[in-house]
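[1] Attaching a predicted model along with its sequence, questions to come.
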Amino acid sequence: MTLKKLCRGCKTRKPRSAFNLRSDRRGQLQSRCRMCMSIYLKRHYLANKAGYLERRKKRRDRLRKFLSDAKQKPCS
């Protein structure tokens, strides 16, 4: 097993401890180091902020409706 891995973001070899585990593949590491992943996610959020805010508003509205409906029904 190699002790270093090439980061796809900054193109440098870093220790495997600088990478997070992938959530969809057991035991595999992400292709970007933690620092590059942080930068990537911040840029992605800023580029898609309107979509994130719209989804948040829809989730909040659904939750408010659910809670309002639940409060109006007596417990059985």
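    It's in.
[2] which residue sits closest to Arg22, ignoring its sequence neighbours?
    In space, and not counting its chain neighbours, Arg22 is closest to Gln28: 4.8 Å by C-beta to C-beta, 6 or more residues apart in numbering. Yep, even glycine has a C-beta here, placed from its N, CA and C like the rest.
[3] same check, this time on Lys5
    Closest to Lys5 by C-beta to C-beta, 6+ apart is Arg16, at 5.4 Å.
[4] Let me know how buried Met35 is, in neighbour terms.
    13 (other C-beta atoms under 10 Å).
[5] again with Thr12
    Thr12: 12 neighbours (other C-beta under 10 Å).
[6] go on, the one 4 residues further on?
    Residues near Arg16, counting by other C-beta under 10 Å, number 12.
[7] Give me the distance from stretch 9-19 to the chain's centre.
    19 Å (C-alpha atoms, centre = their mean, to the nearest Å).
[8] circling back to that earlier point, state the distance from the residue nearest to Lys5 to Leu6.
    Arg16 sits 11 Å away from Leu6, going by C-beta to C-beta, to the nearest Å.
[9] measure the residue nearest to Arg22 to Ala18 for me?
    15 Å.
[10] quick one: the helix ranked longest in the chain to chain centroid distance?
    When the chain is parsed with DSSP state H, its longest helix is helix 49-72. Helix 49-72 has its C-alpha centroid displaced from the chain centroid by 20 Å (C-alpha atoms, centre = their mean).
[11] for stretch 32-50, same thing?
    Distance, centroid of stretch 32-50 to centroid of chain: 9 Å (C-alpha atoms, centre = their mean).
[12] Offset the numbering so it begins at 16, please.
    Sure thing, new numbering starts at 16, so read that last one as stretch 47-65.
[13] State the mean pLDDT of that stretch.
    Averaging pLDDT along stretch 47-65 gives 97.
[14] Give me the contacts around it.
    Residues from elsewhere that reach stretch 47-65 (C-beta atoms under 8 Å, 6 or more residues apart in numbering): Cys22, Arg23, Gly24, Cys25, Lys29, Ala33, Phe34, Asn35, Gln45, Tyr67.
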